[in-house]
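> Sequence plus the predicted model coming up.
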Amino acid sequence: MNSSNDREDKAAANNQEATDDKGTINDKAADRETMIEIRDLKKEFGDHEVLKDVTLDLHKGENLVILGRSGEGKSVTIQCIVGLLEYDGGSLKVFGKEIKDLTEEELQEMRTKVGFLFQSGALYDSMSVRENLEFPLKRVRKIKDPSELDQKVREMLAAVGLEDAIDKMTGELSGGMRKRIGLARTLILKPSIMLYDEPTTGLDPISSREISELIVNLQKKYETSSIIITHDMSCAKITSDRVIVLHEGAFIAEGTYDDLEKSTDEQIHDFFI
């Protein structure tokens, strides 16, 4: 296992590689508002240290992809962001506020501004597509007017290309359609931040590409800032403005997809084979 200094040296070297004619990725993002700020984040499960010293910034309006193999802590990172897991050390700020310092009421308010798309889509099988999308509007926004609910649901279904599915039951949907409906339900509250947990898992290559392109289109349409965790390299290439690589509980490289694809570091290069 690499020492902390080894990881820091390697990350610095790879960040130096990840440059273009306009300078480093961080330089280009320096003037943008920071939506999420993580410093030296640590998380343990018993004796197993999953996150050791994770540090990252998510800037306003960008798609940040986190690459890492299974069990590296990608999902743990975004679960800490929304307070589903408590971190054991370091600092994690969303919208400038430390997550650990939030009251339960403040945490719930923050979550209404952060959309979380689970791998499964997390749809309610006992509800129709319409009812799935109406649920957060009724529960969070307290909207009761049927015409307003219908307008918002149809608008979001149109955005994901599935307006005709409005009265289908979720059991009638294909895997790709479930992902789209899950995305629509998450975005219907117009969150400022989107967190995607393996958004293309279980999909065929065509559906995977469609979902990846939809993520980009919706990010532009609704001006969201997104973290996308994936091991699907096609998804990473299509969606990312910036890519960071998680290995042994720490980030070891950062840059654009094209820059990291050219890396001579074996641990990074293996992702692109």
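Thanks, I have the structure now. Residues are numbered from 1 along each chain as shown.
> Where does the prediction get shaky in the protein?
1-31, 120-121 (pLDDT under 70).
> now the end-to-end length of stretch 220-227.
14 Å (C-alpha to C-alpha, to the nearest Å).
> mind listing what's buried in that stretch?
224, 225, 226, 227 (16 or more other C-beta atoms under 10 Å). Every residue, glycine included, has its C-beta placed from N, CA and C.
> Mark which of those residues are part of strands, please.
Counting by DSSP state E, the part of the buried residues of stretch 220-227 found in strands is 225, 226, 227.
> can you redo these as a markdown table with distance to residue 182?
Formatted as a markdown table, these follow (distance: C-beta to C-beta, whole Å):
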| residue | distance to residue 182 |
| --- | --- |
| 225 | 19 |
| 226 | 15 |
| 227 | 16 |
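> Where do the strands of the stretch 51-200 of the chain begin and end?
Assigned by DSSP state E, counting those that start in this stretch, the strands in the stretch 51-200 of the chain fall at 63-67, 89-94, 97-98, 114-117, 193-197.
> Please identify the deepest-packed of the ones you listed.
strand 63-67 (a mean of 25; mean count of other C-beta atoms under 10 Å).
> Show me what that one is packed against.
helix 205-222, strand 225-230, helix 233-239, strand 242-247 (3 or more C-beta pairs under 8 Å, 6 or more residues apart in numbering; DSSP states H and E).
> at 6 Å instead, please
strand 225-230, strand 242-247 (3 or more C-beta pairs under 6 Å, 6 or more residues apart in numbering; DSSP states H and E).
> Identify whichever of the strands of the stretch 51-200 of the chain lies nearest to residue 143.
Residue 143 lies closest to strand 114-117 among the strands of the stretch 51-200 of the chain, at 17.4 Å (C-beta to C-beta).
> returning to what we had before: among the helices and strands packed on strand 63-67, pick out the one with the most neighbours on average.
Each of those was scored by mean neighbour count; the highest is strand 225-230, a mean of 25, by mean count of other C-beta under 10 Å.
> Just checking the distance from that one to the centre of its chain.
Between the centre of strand 225-230 and the centre of its chain there are 3 Å (C-alpha atoms, centre = their mean, to the nearest Å).
> what sits against residue 143?
137, 149 (C-beta atoms under 6 Å, 6 or more residues apart in numbering).
> can we see that at 8 Å?
When contacts are counted by C-beta atoms under 8 Å, 6 or more residues apart in numbering, residue 143 touches 137, 149, 152.
> do the same with residue 52
4, 42, 248, 249, 250 are the contacts of residue 52 under C-beta under 8 Å, 6+ apart.
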